[in-house]
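With the sequence up front, the predicted model follows.
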Amino acid sequence: MKVSSSDSLRDHFLLAMPGLDSGLFSGSITYICEHGEAGAMGIVINQPLDLSLGEIFDHLEIDCASPFHDQPVLAGGPVQIDHGFVLHPRGEQSWDSSLRVTPEVQLTTSRDVLTAIAAGEGPDDFAVALGYAGWSAGQLEEEIANNSWLTLPADKSIIFHTAIGDRVAAAAAALGIDMNLMSAEAGHA
């Protein structure tokens, strides 16, 4: 299945439907950073690890003077779980390795953004994750057709200003639905 730019789910949320009830994706919300003919990639934004940003700084031997020391690190997905990914608004600063998701949002994988955050000189808003979610060509479209995901345009305030545990409900509310009332059964007309 060919994905045109108008069909792309870049800068969209995927809400896991109740039928997707096991593993990392159960009850998840994923922010799609890239989606095209080759597949899709995103960051799960509501599954915190038992790991703080301060522990990441300690592991990387980065001095931390910032108030973000206790911020939880997210399980971004099952791919490359030993790599860090930082979602943040696009600002005046540039980083060594960033993907421009939208004119307002970037995904950075380089250490320089973490060093700046630790020094209190990085982006004010950010989400740090280990790993990412990835789909091969056509896989995400097939999962959506099989009622695994509900899609909606992303809202930066949900990523950066909504408590981790409230992100799914906030996104669902934007669609006027309550995920707790959704059925795991798919209906087709």
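Arrived safely, thanks for sending.

going forward, measure contacts between C-alpha atoms and count neighbours the same way
Noted.

For Trp149, which non-adjacent residue is spatially closest?
Spatially, and ignoring its direct neighbours in sequence, Trp149 is nearest to Ala16 (4.8 Å; Cα to Cα, 6 or more residues apart in numbering).

Now do the contacts for the most centrally placed residue in the chain.
The residue lying closest to the centre of the chain (Cα atoms, centre = their mean) is Ile43, at 2.7 Å. Ile43 sits next to 30-33, 76-77, 129, 131-133 when contact means Cα atoms under 8 Å, 6 or more residues apart in numbering.

and it, what element?
strand 39-44 (DSSP states H and E).

Please tell me how far that strand is from the chain's geometric centre.
Offset of strand 39-44 from its chain centre (Cα atoms, centre = their mean, to the nearest Å): 8 Å.

Pull the number of nearby residues for Asp82.
11 (other Cα atoms under 10 Å).

Let me know the secondary structure of it.
Taken by DSSP: H, G, I helix; E, B strand; the rest coil, the conformation at Asp82 corresponds to strand.

I'd assumed Gly131 was in contact with it.
Yes: Asp82 lies in contact with Gly131 (Cα atoms under 8 Å); the separation is 6.4 Å.

For burial, what's the neighbour tally of the closest residue to Gly122 other than its chain neighbours?
Using Cα to Cα, 6+ apart and skipping residues adjacent in sequence, the residue nearest Gly122 is Ala116, 4.4 Å away. Neighbour count of Ala116, defined by other Cα under 10 Å: 16.
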